[in-house]
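In: Okay, predicted coordinates and the sequence, questions at the end:
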Amino acid sequence: MHSSVFISGLAFAAYFSWRLAVVAFPTLLLLIIPGLIYGKYLIFLSRKSTAEYAAANGVVAQALGSIKTVYSFTAERRIADGYSAILERTMRLGIRQGIAKGLAVGSMGLSFAIWAFIAWYGSRLVMYKGESGGRIYAAGISFILSGLSLGIALPDLKYFTEASVAAGRIFSRIDRVPEIDSEGTKGLVLDKIRGEIQFDRVSFTYPSRPDAAVLTDFNIRVDAGRTVALVGASGSGKSTAIALLQRFYDVTGGAVKVDGVDIRTQNLKWMRGQMGLVSQEHALFGTSIKENIMFGKLDASMNEVVAAATAANAHGFIRQLPEGYETKVGERGALLSADRVSLLVQTTSAVTIAMIMGLVVAWKLALVMIAVQPLTILCFYTRKVLLSTISTKFVKAQNQSTQIAVEAVYNHRIVTSFGSVGKVLELFDQAQEEPRREARKKSWMAGFGMGSAQCLTFMSWALDFWYGGTLVEKGEISAGAVFKTFFILVSTGKVIAEAGSMTSDLAKGSAAVASVFKILDRQSLIRNESDGTKLEKITGKIEMKRVDFAYPGRPEILVLNQFSLEVKPSTSIGLVGKSGCGKSTVIGLIQRFYDVEKGSVKVDGVDIRVLDIQWYRRHTALVSQEPVIYSGSIRDNIVFGKPDASENEVVEAARAANAHEFISSLKEGYETECGERGVQLSGGQKQRIAIARAIIRNPTILLLDEATSALDVQSEQVVQEALDRIMVGRTTIVVAHRLNTIKNLDSIAFVADGKVVERGTYAQLKNKKGAFFNLASLQN
């Protein structure tokens, strides 16, 4: 809009007085040059700011994705400090952006000098060149409107530059041609696949570590219909073989063949469609249980879904859920800137001053003009309200679609393995469709509001000329007074237009501020403050009495029902039972991630709800089923449990967790980067680092939730010996599915239907021939 006014204004100025237009045209450089400099500098700052925000988002994503680990190790303040340090850098960049914008906006004051020059030169043309005063006046007004429109448009370069920076990053990814195209149509499609697999002298190194060979001259043949297990030490290349078979990577030497045909010559999407993958780290998307199962086969019928769930021993617990297969599994199992506020203050003061000056020069004319201004303001306000509504809907849609996108990227191997790219895009599009429809409707209304405001502005100017001419004709004011009043109120219109152009930012900013303050004002049920009781000494006696508990997301389903358990100081107990019986819930309640609904959880006879929660958690350590590894070095991840640990403590903890040997074999040792979520490490290596992180805290209460589940047999045995040693003198609760890992514990509790149904030593429970005996028989 402003561009069209700029061009048409110049055209009309040339039409009415080409001399004035030619002489005045160079003065536009005074408006253009500051804007161009500002735009170029802003691109530089935007790129740096985007990189810093990406780093900050990485910290937040990791912290929120492993929030239980963060709280368990009382690392909230460290995470927050690291996040704040990054935001400090973005704030400094923001200040530089604000200064640059202030200089660019301030340079618009040159427009007043241009007006004065046009008035002076126009009078010369009337006196010496015989130009008509009316045509000079019209040419001057057209040129000034042209310059004003350019001035309003130039600050918007900020949004074009920010968009170009963002688009550049997006298009670089869209235009990237992958070496392995999982969606291409080229390649062989076999008439029939038998399933014969052959690794023929395969060599492979990961691209991020080209100097560390994972597979060397690897050979294996699996006949069709046969079952073969790959075993070996952690990091030996077992999972790598699976990744090569699914062609997530290409071999650096040799070949991987299916039915005698090199998989590099086969159509990748078709080939992956013939496979099914169950990975070490499960992947669930934020949709229903049914849709998660159907990721394996997009056109599956309901009978096939139920049959698959039954085969996976999942149908029973799914049927118990209130919405059954339609139950949502949940997500993965911002602000109004200071320069905008200051600009609004300037806007208010400018309008007030302009109105006062107008009243002084020609009060009758000014009153008529001022009376029209509320209509213009009303149009802009209506537009702001409409845009605010649209912005709220867009935020909701963006949250849903962002969740889908994040899950798809996080679990990209699962998505590509099942050929579900189309399904993910369909879910993404569905999340956007309804808000997009609403936005189209209200965008028309918002556009009408903007157009009406602009129309009223020009109509008010026409009214000024008409009424001013009438007053001049009656001799009440001079033509000069009309001229002055007009330009004063043109300034007012310009300021209102600038304020109106900010309504979209205000709408987005108000929505962002509301969402942030909603989180800040939320009162946590479990306050993470140091205002509770601190015991002089903690021995580690744990007592759970008649506990009832249901997760807030499903309050109607009791996970624990009259659950009672007592663990004496410095003793160990194992919790066993079927999946979903409440074993891991007990760990969560002991660490006070949740509060019980009925009953109590006590440590040394004191209800943990009255204890200083941070002090209490510093005496506990958790090793969870899924190891949480943060981006940073291996050493950083181990000292996450104790930031002031010495180098000797780090090494001893790693030795105890059977991690020192593999860490020392790495090129950079303890300074080796783990990568985001530990992508540079194998599952067993990640778990051993997590165990070392717990050991280094020297906790009174040790909580192990399937701590050895990711280890191979050899590593599990060594780590189990280490765990047996560090359990001495500590209260230890072990959640386990593998019963051989709890044979040496002081006692074992079998949990079923939310309560302890059997308790005793391993031998006692075996001899009792009850629920534990049946479970042990199944495993044997």
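Out: Now that the structure is in, tell me what you want to look at. The model shown is predicted, which means the values in this text are computed figures rather than measured ones. Residues are numbered from 1 along each chain as shown.
In: quick one: L31 from F662, how far?
Out: 65 Å (CB to CB, to the nearest Å). Backbone N, C-alpha and C define where each C-beta goes, glycine included.
In: ok, now V231?
Out: In this view, V231 and F662 are 17 Å apart by CB to CB.
In: now do K686
Out: Distance from K686 to F662, by CB to CB: 11 Å.
In: more neighbours, the two?
Out: For K686 versus F662, neighbours defined as other CB atoms under 10 Å are more numerous around K686 (25 against 20).
In: Would you agree that one is in contact with Y630?
Out: No. Counting by CB atoms under 8 Å, K686 stays clear of Y630, with 10.8 Å between them.
In: Quickly list what's touching both of those two.
Out: Residues touching both K686 and Y630 (CB atoms under 8 Å, 6 or more residues apart in numbering) are C674, G678.
In: any idea of the pLDDT on G678?
Out: Turning to G678, the model gives it a pLDDT of 70.
In: Who are the packing partners of the lengthiest helix in the chain?
Out: Secondary structure of the chain per DSSP state H: the longest helix is helix 421-474. Secondary-structure packing of helix 421-474 (3 or more CB pairs under 8 Å, 6 or more residues apart in numbering; DSSP states H and E): helix 363-410, helix 479-501.
In: what is the mean pLDDT for the shortest one?
Out: In this model, helix 479-501 has an average pLDDT of 64.
In: Give me the next element, helix or strand, following the helix or strand hosting A116.
Out: According to DSSP states H and E, A116 maps onto helix 110-128. Later in the chain than helix 110-128, the nearest helix or strand by DSSP H and E is helix 133-153.
In: got the contact list for that next one?
Out: Here helix 133-153 makes contact (CB under 8 Å, 6+ apart) with 2-3, 5-10, 12-17, 20-21, 24, 27-28, 31-32, 108, 111, 114-115, 118-119, 122-123, 125-126, 483, 490, 494, 497-498, 501.
In: next SSE after it?
Out: By DSSP H and E, the next helix or strand past helix 133-153 is helix 157-174.
In: other SSEs contacting that next one?
Out: If you count contacts as 3+ CB pairs under 8 Å, 6+ apart, helix 157-174 packs onto helix 29-65.
In: tilt between the helix it packs on and helix 157-174?
Out: For helix 29-65 against helix 157-174, the angle between stretch directions is 50 degrees (axes from the mean of the first three to the mean of the last three CA atoms, to 10 degrees).
In: What helices and strands are in contact with the following helix or strand past helix 29-65?
Out: With elements assigned by DSSP H and E, the helix or strand that comes after helix 29-65 is helix 67-72. Counting contacts by 3+ CB pairs under 8 Å, 6+ apart, helix 67-72 packs against strand 620-623.
In: Okay, now the sheet partners of the strand it packs on, with direction.
Out: When pairing is defined by DSSP bridges, strand 620-623 lines up against strand 701-705 (parallel).
In: could I have the partner strand exported to CSV, CA atoms only?
Out: Output of strand 701-705 as CSV, limited to C-alpha atoms (Å, rounded to 0.1, in the frame of the first residue of the first chain):
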residue,chain,number,x,y,z
ILE,A,701,18.8,-42.9,48.8
LEU,A,702,19.6,-44.6,45.4
LEU,A,703,16.7,-45.1,42.9
LEU,A,704,17.3,-47.4,40.0
ASP,A,705,14.5,-47.5,37.4
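In: wait, what's in contact with F772?
Out: F772 touches V576, I748, F750, E758, L765, K766, counting by CB under 8 Å, 6+ apart.
In: Quick check: chain neighbours aside, which residue is closest to the first one?
Out: For V576, the nearest residue in space outside its immediate sequence neighbours is F750; the separation is 5.6 Å by CB to CB, 6 or more residues apart in numbering.
In: Tell me the first helix or strand C-terminal of whichever helix or strand that neighbour is part of.
Out: Counting by DSSP H and E, the element that carries F750 is strand 747-752. Sequence order places strand 755-760 as the next helix or strand after strand 747-752, per DSSP H and E.
In: And that next one, what does it pack against?
Out: Other elements packing on strand 755-760 under the criterion 3+ CB pairs under 8 Å, 6+ apart are strand 560-567, strand 747-752, helix 762-768, helix 771-779.
In: can you redo those as a markdown table with distance to G678 and mean pLDDT?
Out: Formatted as a markdown table, those follow (distance: least, CB to CB, whole Å; pLDDT from 0 to 100):
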| stretch | distance to G678 | mean pLDDT |
| --- | --- | --- |
| strand 560-567 | 31 | 91 |
| strand 747-752 | 30 | 90 |
| helix 762-768 | 33 | 87 |
| helix 771-779 | 29 | 79 |
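In: Deepest-packed of the ones you listed, please.
Out: Most buried of the helices and strands packed on strand 755-760, by mean neighbour count (mean count of other CB atoms under 10 Å): strand 747-752, with a mean of 22.
In: what's near enough to touch the residue nearest to F549 when sequence neighbours are not counted?
Out: Leaving aside its sequence neighbours, F549 sits nearest to L560 (CB to CB, 6+ apart; 4.3 Å). If a contact means CB under 8 Å, 6+ apart, then L560 has V547, D548, F549, G582, T585, V586, L589, V596, G754, K755 as its contacts.
In: again, only using 6 Å
Out: L560 makes contacts with V547, F549, G582, G754, as judged by CB atoms under 6 Å, 6 or more residues apart in numbering.
In: can you tell me which of these lies nearest to R522?
Out: F549 (21.8 Å; CB to CB).
In: ok so, going back, quick one: mean pLDDT for the longest helix of the chain?
Out: 74.
In: ok, now stretch 696-704?
Out: For stretch 696-704, mean pLDDT rounds to 88.
In: thinking F563 is in contact with V757, fair?
Out: No. In terms of CB atoms under 6 Å, F563 does not count as a neighbour of V757; the distance is 10.7 Å.
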